[in-house]
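S.K.: 3D model of this:
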Amino acid sequence: MMSARPPVDARTRMTTIADPAVAPDTGVTPDTGVTPDTADTDVAATATVAAEATDERPPASSAAPGSCVAVPVPAGAIPILAGDAPLWLLPAGAAYDPATRALLVADLHLGKAECFGRGGLPVPLAVNDDTLERLEALWRGLPAERLIVLGDLMHGPLPESDPLFERLRARLGRAPLPIALVAGNHDRQSARYADLLGIEVLAEPVRLGPFGLRHEPVPQPGLTVLAGHLHPVVRLSGRADSVRLPCFWVRDSIVVLPAFGAFTGGWVVPARAGERRFVTDARRVLEVPSPRT
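M.R.: This is a model prediction of the structure:
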């Protein structure tokens, strides 16, 4: 049986992640060249998945500071260098920092089905359970010491009486690790439901070692930014049909994670020289070739 999640102690845990004195907010205007997460553009981007992943890989296992136990890279994952630091891209659409053993996900949009239902658009509520089951599988399968959501945990405001909150309390309460949220543009009531769910809300900028954690992919000088918000996907086309797959988008000093939620839209990332796109089909991560300069 899984042990109960220990209480979050901001003094001993999360303040080592978020330190405004170390990572000041520069107020840099985003220059991503893409549309916000509300868009669901279907831009043609024909590509062939590479049979082999990139050769630019850190070692296949990594020991966390203070630990002599190496953590093996999970099956189907791709370890990359984000800046100078190792980062694992997981088939579930999450990222893992082996140095701090932090598990990172973005854009769960829980409660989106409920919001649509209130507007008269019936959507099966099981999409929330699907997202939460995949999240539980992640923390069961990795030696993670914290889970950080890079924004948009919830899709919109819900009354506290909504049955979803009871299900969330039951599932997140079983987590054997503290959970923190970098509030996104959909998390307007994050303080209220953070108390209900027992999670911590972090104010940007947030620093995790060499990484800057944000919801929107805004550059942060001196750090490699890990973000969400854009719901990146790649469209792979064949002769007769095509498929859109979630992707990790690596550009400059920014890594954009795919939306983790089961009920989210997607923005097709066009192929550009100097940028990298890693698609996932939930079983393995593969790099899609980019144009040469």
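S.K.: going forward, measure contacts between C-alpha atoms and count neighbours the same way
M.R.: OK.
S.K.: just to check, Q220 is in contact with F211?
M.R.: No: under the criterion of CA atoms under 8 Å, Q220 makes no contact with F211, lying 9.1 Å away.
S.K.: what comes up buried for stretch 220-236?
M.R.: Neighbour-count burial for stretch 220-236 flags 220, 223-236 (criterion: 16 or more other CA atoms under 10 Å).
S.K.: just those residues: which are in strands?
M.R.: If you go by DSSP state E, the buried residues of stretch 220-236 have T224, V225, L226, A227, P232, V233, V234, R235, L236 in strands.
S.K.: how long is stretch 153-171 from one end to the other?
M.R.: 14 Å (CA to CA, to the nearest Å).
S.K.: on that earlier part again, and which of the ones in strands among the buried residues of stretch 220-236 is nearest I78?
M.R.: I78 lies nearest to L226 out of these, by CA to CA, at 16.1 Å.
S.K.: quick one: pLDDT of that closest one?
M.R.: L226 is assigned a pLDDT of 98 by the prediction.
S.K.: the longest strand in the protein is where?
M.R.: Longest strand in the chain, counting by DSSP E: strand 242-251.
S.K.: strand partners (parallel or antiparallel) of it?
M.R.: strand 232-237 (antiparallel), strand 254-256 (antiparallel), strand 276-280 (antiparallel) (DSSP bridges).
S.K.: average pLDDT for the longest one?
M.R.: For strand 232-237, mean pLDDT is 90.
S.K.: correct me if wrong: D97 contacts P86.
M.R.: Yes: if you go by CA under 8 Å, D97 and P86 touch, sitting 6.9 Å apart.
S.K.: I'd like the ones in strands among the buried residues of stretch 220-236 written out as TSV, with distance to L245 added.
M.R.: As requested, these are arranged in TSV below (distance: CA to CA, whole Å):
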residue	distance to L245
T224	24
V225	22
L226	20
A227	18
P232	9
V233	5
V234	5
R235	6
L236	8
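S.K.: among those residues, which one lies nearest to R188?
M.R.: Nearest to R188 among those, with distances taken as CA to CA, is A227, at 17.8 Å.
S.K.: mind listing the residues bridging to the residue nearest to R214 when sequence neighbours are not counted?
M.R.: Leaving out its chain neighbours, the residue that sits closest to R214 by CA to CA, 6 or more residues apart in numbering is A227, at 5.0 Å. For A227, the beta-bridge partners are V256 (DSSP bridges).
S.K.: so A227 versus D107, what's the distance?
M.R.: 10 Å.
S.K.: can you check F260 too?
M.R.: According to CA to CA, F260 stands 6 Å off from D107.
S.K.: do F165 as well
M.R.: Distance, F165 to D107, using CA to CA: 17 Å.
S.K.: neighbour-wise, which of the two wins?
M.R.: D107 (29 against 18; other CA atoms under 10 Å).
S.K.: surely that one and G265 touch.
M.R.: No: with contact defined as CA under 8 Å, D107 does not reach G265; the gap is 10.4 Å.
S.K.: mutual contacts of these two, please.
M.R.: H231 (CA atoms under 8 Å, 6 or more residues apart in numbering).
S.K.: now for the strands paired with strand 242-251, which one comes closest to L177?
M.R.: Nearest of these to L177, taken as CA to CA: strand 254-256 at 23.7 Å.
S.K.: what are the bridge partners for W88, then?
M.R.: W88 has these beta-bridge partners by DSSP bridges: P79, Y96.
S.K.: just the pLDDT for it.
M.R.: According to the prediction, W88 has pLDDT 98.
S.K.: just the one 4 residues further on next, same as before
M.R.: Per-residue confidence for A92 comes out at a pLDDT of 96.
S.K.: low-scoring stretches of the stretch 1-150 of the chain, by residue?
M.R.: 1-69, 112-127 (pLDDT under 70).
S.K.: how about a cut-off of 90?
M.R.: By pLDDT under 90, the low-scoring segments of the stretch 1-150 of the chain are 1-71, 108-133, 139-141.
S.K.: what about R214, distance to A194?
M.R.: In terms of CA to CA, R214 sits 18 Å off from A194.
S.K.: done for today, thanks.
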